[in-house]
Structure formats: C-alpha cells, structure tokens
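A.B. asks: Fold the following, please.
(one chain, ligands or ions: 2)
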Amino acid sequence: MSERGKFITFEGIDGAGKSTHIEWLANWLRQRGHGVLTTREPGGTPLGEKLRALLLADDMHLETEALLMFAARREHLARVIYPALEKGTWVISDRFTDASMAYQGGGRGLAMGKLEALEQWVQGDFQPDLTLLFDVSLEVAQARIATTRQLDRFEQEKRDFHQRVRQAYLERAAAHPRRMQVIRGERSLDEIKKEIEQLVTSNCL
Ligand code: ADP
Ligand code: TYD
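C.D. replies: Ligands and ions are numbered 1, 2, ... in the order given. As a prediction, the model looks like this:
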C-alpha cells in the first residue's frame with residue numbers, strides 16, 4: 001500500500017499570492033516524483049462548483065453562507081480529498097476551513113462556536129498537514145488584483161471587512177503555530193519560493 005499523501009492548504013486575502021505559488025509548488029513536487037492534485041474551495045467537485053457560483057454571486061444570510069461553504073467542503077473531502085490522499089497523491093487546496101474562520105467568522109462576524117461545530121461535523125479531527133498563510137497589506141493585495149474583471153461578492157466588500165479577515169487569519173495562525181506558517185507575501189517571488197521549499201521539506205517530506 002502506498003504511503004498516504006500530504007494535504008497542504010494555501011490561505012490569505014485575495015491578491016496575496018496563493019495561486020501563483022500553488023502552481024509552482026505542484027510542479028516542484030511533481031519534479032520530485034510525487035503525484036499532486038491541485039484544487040480549490042469553495043469548489044473542487046461538480047456540485048461544489050455549482051455552490052461556489054451561488055456563494056460568489058447571490059446575496060444570502062451569513063449562516064446560509066457558512067453552511068453552504070461547509071456543504072461544499074463535505075463533498076470535496078468525500079469525493080476528492082480523502083480518496084486522493086489514500087492513494088498516496090498529494091493534495092494542494094487553494095483555501096480550506098481556515099478561510100471559513102477568517103471570512104465568515106472574522107469578516108462577517110459569525111460566532112466561532114458555530115463554525116467550530118461545523119468544522120467538527122464535516123471533518124472531525126482531520127486537518128491539513130501544512131497551511132501556508134500568505135499575509136500582505138490590503139494596499140498591496142488590492143494593487144495586485146486591480147483588473148477590469150468583475151469583482152465577486154467577497155471582493156466587493158469594504159476595506160474593514162478585508163482588514164478583519166486578515167486579522168482573523170493571523171489569530172488563527174497564532175493559535176495553530178505548528179500547522180499554520182505565515183509567509184510574508186510582499187517579498188520577491190524567489191524569496192517566497194525558497195521559504196515554501198524549506199517549509200514543505202521540513203514539515204511534509
Ligand atoms: P491570490 O491567488 O492569492 O489571489 P495571485 O497568486 O493570483 O493571488 O496573485 C495576484 C497577482 O499578484 C498576480 O498577478 C501575481 O503574479 C502577483 N504576485 C503574486 N505574488 C507576488 C509577489 N511576491 N511579488 C509580486 N507580484 C506577485
Ligand atoms: P477565491 O477562489 O480565492 O476567489 P478568486 O477566484 O476570486 O481568487 O475564493 C472565493 C472567495 O470565497 C474568496 O473571496 C474567499 C471566500 N471564501 C469564504 O468566504 N469562505 C470559505 O470557507 C472559502 C473557502 C472561501
């Protein structure tokens with residue numbers, strides 16, 4: 001039987017550098033002979049992608065939003081993440097439960113106790129092997145994503161919302177110092193890649 005794959009999640013506000021480095025890490029691991037699956041939340045399954053479209057576009061009660069995030073996650077775990085890890089494939093996800101704590105908890109103000117109950121229901125004690133939290137100032141993040149494309153429901157939120165999300169992420173990282181590593185995302189791409197290489201080598205290989 002092959003060894004279980006590792007589960008690595010990338011977190012941070014939009015524009016922090018997650019997608020750029022996920023692609024790079026997946027290739028780096030593949031070059032070292034690992035099978036790697038990259039995925040994202042909300043989404044990652046056909047049903048999850050339908051829920052994502054609703055979540056990013058439709059106005060809804062904050063608890064509905066949290067429940068749909070975790071519903072999509074349950075599907076993602078059952079159909080994609082757990083089977084891949086069992087086969088020995090590494091899974092890298094663009095966001096996971098820490099995002100619910102940061103956006104629905106920090107951003108929207110939903111009680112952490114409710115989110116923790118959902119976390120326990122949906123994933124029990126399962127946690128990523130490593131979470132890389134990309135931390136950048138709102139100014140840098142905004143400058144990076146300033147494009148002509150239409151902003152989704154979360155991106156349209158005001159500055160205060162994103163400030164609370166950033167703060168909640170940092171608090172979560174402080175509470176889980178082994179699993180969550182904060183990457184200062186304002187540095188050069190080369191410096192960040194070197195740090196990711198070191199963190200993955202020492203925590204997962
Ligand atoms: P996210 O997935 O967190 O929203 P992206 O990886 O898509 O962020 O990055 C947003 C933009 O910022 C992209 O155009 C990317 O090339 C650029 N970028 C990411 N990291 C850096 C960095 N360290 N230095 C300069 N530009 C960066
Ligand atoms: P993302 O894929 O980062 O958006 P984009 O394609 O624009 O880069 O994530 C979509 C949004 O969903 C993002 O603004 C954060 C939000 N989100 C939550 O609010 N809670 C969650 O649990 C997750 C996974 C994402």
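A.B. asks: From here on, just use CA atoms for contacts and neighbour counts.
C.D. replies: Will do.
A.B. asks: quick one: buried residues of the helix or strand hosting T20?
C.D. replies: Using DSSP states H and E, T20 maps to helix 18-31. Across helix 18-31, burial judged by 16 or more other Cα atoms under 10 Å covers 18-19, 21-22, 25-26.
A.B. asks: Likewise for stretch 176-195?
C.D. replies: Using 16+ other Cα under 10 Å as the test for burial, stretch 176-195 gives 180-186, 192.
A.B. asks: next one: stretch 169-176
C.D. replies: 169-170, 173.
A.B. asks: from the chain's centre, how far out does it sit?
C.D. replies: Taking Cα atoms, centre = their mean, to the nearest Å, one finds the center of stretch 169-176 at 14 Å from the center of the full chain.
A.B. asks: Next secondary structure element downstream of the least confident helix or strand in the chain by mean pLDDT?
C.D. replies: Within the chain, confidence by mean pLDDT, DSSP states H and E is lowest for helix 138-145 among all helices and strands, at a mean of 92. Remark: after helix 138-145, the chain's next helix or strand is helix 159-175, criterion DSSP H and E.
A.B. asks: tell me what the next helix or strand after that next one is packed against?
C.D. replies: Using DSSP H and E, the helix or strand that follows helix 159-175 in sequence is strand 180-184. On a contact count with 3 or more Cα pairs under 8 Å, 6 or more residues apart in numbering; DSSP states H and E, strand 180-184 meets strand 130-135, helix 159-175, helix 189-204.
A.B. asks: Looking at these, spot the one closest to ligand 2.
C.D. replies: Across those, ligand 2 has its closest neighbour in helix 159-175 (9.2 Å, Cα to the nearest ligand atom).
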